[in-house]
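**Q** Next come a sequence and a model predicted from it.
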Amino acid sequence: MNAYQDDCYALSCDQRGVARLELRAGKANILGWAEIRSLSRAIHALRDIAGLRCLVILGRQHVFIGGANIKDMLELEPESAQAFIRELAALCDSVRELPVPVIAQVQGWCLGAGVEFIAACDIRIAADARFAMPEVRLGLPSVIHAALLPRQIGAGRARAWLLSGQTIDAAKALSWGLVDEVVETEELDAAVENAVAGLLQCPAHALRIQKTLCNAWDESASLADNIALTVPAFGATFHYPEARQAMRGFLGRNKERS
């Protein structure tokens, strides 16, 4: 098993290829310059783990990510503000562009940069969580991966939420589509493990290709372009013997049932 840690995270990977990144950036998981850079390095390092199948990211019991560090932001000028937000965008991109599925295990508060971070994840499972985009109340716009929210929760709902800065609970987040599943706190670990088990049943190459396509679909407004992207991806699948094995297995199971 591979294991790494520093002051703001603990990272491990088990024999199944399931990586687990636990955020430990102080009591409230606030992201400043140092934390953003450290987490970006950790996630990029996962690309070097042979056999990586998926990544689970979790915070503390009372907070997933408490937002960006306001003390750091108070020192910013226009140019350094752009540099800061680019680094935060790069952290979110490191999750979105990781070639394997990423599951956000969300408990407690998820604020500002935390919402942008989970928006970049593939699967979001929550328990006893609260979500807010409070930037406008601090005199700031919501930026970077907040741009994913109109597609994820609907354009009108995203606009109203970003303009109000209101807090929502996990049940409302589920009804909006901000998270994919809500469970009781004592069931959270099991729910995440169930999601992991489902991913591990799929051939690794298929999940990687599918995630690449999903990201590409997010970035194009053209249905025709999105459909065209899928044709070579489908053809590339047949380079992998696992694809034929999975299809033969499916046919064999159906034959047994008939």
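**A** Right, received. Where do you want to start?

**Q** Just give the closest residue to the residue nearest the centre of the chain, not the sequence neighbours.
**A** With distances taken as Cα atoms, centre = their mean, Cys121 lies nearest the centre of the chain, 1.4 Å away. Excluding the flanking residues, the one nearest Cys121 by Cβ to Cβ, 6 or more residues apart in numbering is Ala104, at 4.1 Å. (C-beta placed from N, C-alpha, C; glycine too.)

**Q** for that neighbour, what are its contacts?
**A** Contacts for Ala104 (Cβ atoms under 8 Å, 6 or more residues apart in numbering) come out as Ile57, Leu58, Phe64, Phe117, Ile118, Cys121, Ile123, Arg124, Ile125.

**Q** Quick one: mean pLDDT for the helix or strand where it lies?
**A** According to DSSP states H and E, Ala104 maps onto strand 102-111. The average of the pLDDT scores along strand 102-111 is 98.

**Q** Remind me what the helix or strand following that strand packs against, helices and strands.
**A** Downstream of strand 102-111, the first helix or strand assigned by DSSP H and E is helix 113-119. Helix 113-119 is packed against strand 63-65, helix 78-96, strand 102-111, strand 123-132, helix 149-153, with contacts defined by 3 or more Cβ pairs under 8 Å, 6 or more residues apart in numbering; DSSP states H and E.

**Q** deepest of those, which one?
**A** Among those, strand 63-65 has the highest mean neighbour count (mean count of other Cβ atoms under 10 Å), at a mean of 27.

**Q** What pairs with that one, parallel or antiparallel?
**A** Its sheet considered, strand 63-65 pairs with strand 102-111 (parallel) by DSSP bridges.

**Q** what is the orientation angle of the strand it pairs with with helix 78-96?
**A** 140 degrees (axes from the mean of the first three to the mean of the last three Cα atoms, to 10 degrees).

**Q** Chain neighbours aside, what residue packs nearest to Leu162?
**A** Distance criterion Cβ to Cβ, 6+ apart; nearest residue to Leu162, sequence neighbours excluded, is Ser142 at 4.8 Å.

**Q** and that neighbour, how many neighbours?
**A** Using other Cβ atoms under 10 Å, the number of residues around Ser142 comes to 21.

**Q** SS state for it?
**A** Assigned with DSSP: H, G, I helix; E, B strand; the rest coil, Ser142 falls in the coil class.

**Q** isn't it right up against Val136?
**A** Yes: between Ser142 and Val136 there is a contact under Cβ atoms under 8 Å: 7.2 Å.

**Q** Give me the common contacts of those two.
**A** With contacts defined as Cβ under 8 Å, 6+ apart, the residues shared by Ser142 and Val136 are Leu162.

**Q** give me phi/psi at the residue nearest to the centre of the chain?
**A** Main-chain dihedrals, Cys121, degrees, to the nearest 10: phi -80, psi 170.

**Q** I'd assumed Ile57 was in contact with it.
**A** Yes: the criterion here is Cβ under 8 Å, and Cys121 meets it with Ile57 at 6.9 Å.
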